[in-house]
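>>> no sequence on hand, only this structure:
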């Protein structure tokens, strides 16, 4: 079983819709959770971090964490074509290193 | 955008060459990381340095040799690489203490081994 799993996609949503990206992790002791956005040919860019159960909102982005279900998600409201990218979920357990998922490719259609 | 810089941005080298990748962070962090990103594969952590000491080496072949002379600089020395080492090499930095371990990435070096 992979430590961090994401649907590879591609996920397509129309402009203005809500994009929902999901991530599950295997280690119940995981403590910190991050979402990165990576445009093609570029490096990952941190867009959200979440440390406790519940929702965290930042502009059009909302991260949701459910530790009991070992599930973290990212919602993008009012999706724009510029949101088209690969979204990486990362999880930290104990030590300071991060484990990354394979990423979900999102396409927002104009 | 310039919190973590990497040079060169692109590198083409033969299998017998020796080259070095350089990373510099301007964020006041005290931990630095090297990652490898190959097509269709998750980010692979290669090395971790905390307070200038190596704390992680994820079974990376010895043809990759890291160096961290201080908390702001990180190098990756390359020698006798193989074509399968062609990838995007990413440097990242973070704090090593406290409650925030957010990692910030540099722009990467696109390496092609011929």
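In hand now; what should we look at? Remember, it's a predicted structure, so these values are computed and weren't measured experimentally. Numbering: from 1, shown residues only, chains lettered A, B, ... in the order given.

>>> CA only for contacts and neighbour counts going forward, please
Will do.

>>> show me the contacts for residue 86.
Went with chain A since none was named. By CA atoms under 8 Å, 6 or more residues apart in numbering or on different chains, the residues touching residue A:86 are A:37-40, A:103-106.

>>> correction: the question concerned chain B.
B:38, B:110-113.

>>> closest to chain A out of these?
residue B:110 (9.1 Å; CA to the nearest CA).

>>> pretty sure the closest one sits against residue B:7.
No - here residue B:110 does not reach residue B:7: they are 10.0 Å apart, not a contact under CA atoms under 8 Å.

>>> residue 33: neighbour count?
Unless you meant another one, I'm taking chain A. 28 (other CA atoms under 10 Å in any protein chain shown).

>>> try chain B instead
Other residues close to residue B:33 by other CA under 10 Å number 24.

>>> ok, what's across the strand from it?
residue B:48, residue B:92 (DSSP bridges).

>>> how close does residue A:12 sit to chain B?
For residue A:12, the distance to chain B equals 19 Å [CA to the nearest CA, to the nearest Å].

>>> and the pLDDT for that residue?
We have a pLDDT of 96 for residue A:12.

>>> same deal with residue B:99?
65.

>>> tell me the phi and psi of the residue lying closest to residue A:90 once chain neighbours are set aside?
Distances taken as CA to CA, 6 or more residues apart in numbering or on different chains put residue A:100 closest to residue A:90, at 4.3 Å, once the chain neighbours are dropped. For residue A:100, the backbone dihedrals (degrees, to the nearest 10) come out as phi -100, psi 150.

>>> wait, residue A:100 touches residue B:37, no?
No - contact criterion CA under 8 Å: residue A:100 and residue B:37 do not qualify, at 10.9 Å.
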